[in-house]
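Participant: Structure of the sequence below:
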Amino acid sequence: MKKNITQEEKKILSSVNRGEWKSIRGLSKKRLEYSQYAKSTILKKAKSINIKISEQDLDVLKTKAQKKGVSYQVLLSTIVHNYVHNI
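Facilitator: Numbering: from 1, shown residues only. Next up, the predicted model:
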């Protein structure tokens, strides 16, 4: 059964066939580590807070968030999470 694949998928497949992909050492450990990150951020119920920051800082935050393709709220939450957990 042939499946249609996208151009991006074709590029990835070609890259794999050329041997450009390498196995990750300690993959099980990495999976566990990232699973714990997900559990500590995504699976916990979020609380709303109100903060006051300068308009200039908020504009910069929004610009950086837009470049990363996320909302400024998500970026701010990530910054706080990483700070709190020393990441």
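Participant: what about Leu32, how many neighbours?
Facilitator: 11 (other Cβ atoms under 10 Å). Quick note: C-beta positions are derived from backbone N, CA and C, even for glycine.
Participant: Mind telling me what element it is part of?
Facilitator: Element membership of Leu32, judged by DSSP states H and E, is helix 27-41.
Participant: Can you give me the distance of Ser28 to Leu61?
Facilitator: Ser28 sits 36 Å away from Leu61, going by Cβ to Cβ, to the nearest Å.
Participant: same question but for Leu32, I mixed them up
Facilitator: The value you get for Leu32 to Leu61, if Cβ to Cβ is used, is 32 Å.
Participant: Kindly report the same for His81.
Facilitator: Distance, His81 to Leu61, using Cβ to Cβ: 15 Å.
Participant: Show me which of these two is the more surrounded one.
Facilitator: Set His81 next to Leu61 and count neighbours by other Cβ under 10 Å: Leu61 wins out with 16 against 13.
Participant: What is the neighbour count of Ser77?
Facilitator: Neighbour count of Ser77, defined by other Cβ under 10 Å: 15.
Participant: Ignore what I typed, I meant Asn82.
Facilitator: Neighbourhood size, Asn82 [other Cβ under 10 Å]: 12.
Participant: What are the buried residues along the host helix or strand of it?
Facilitator: Per DSSP H and E: Asn82 is located in helix 72-84. Within helix 72-84, the residues that count as buried by 16 or more other Cβ atoms under 10 Å are Tyr72, Leu75, Leu76.
Participant: and the closest residue to the second one other than its chain neighbours, what pLDDT?
Facilitator: Put plainly, it is Leu75. Using Cβ to Cβ, 6 or more residues apart in numbering and skipping the chain neighbours, the partner closest in space to Leu75 is Ala65 (4.1 Å). You'll see Ala65 listed with a pLDDT of 91.
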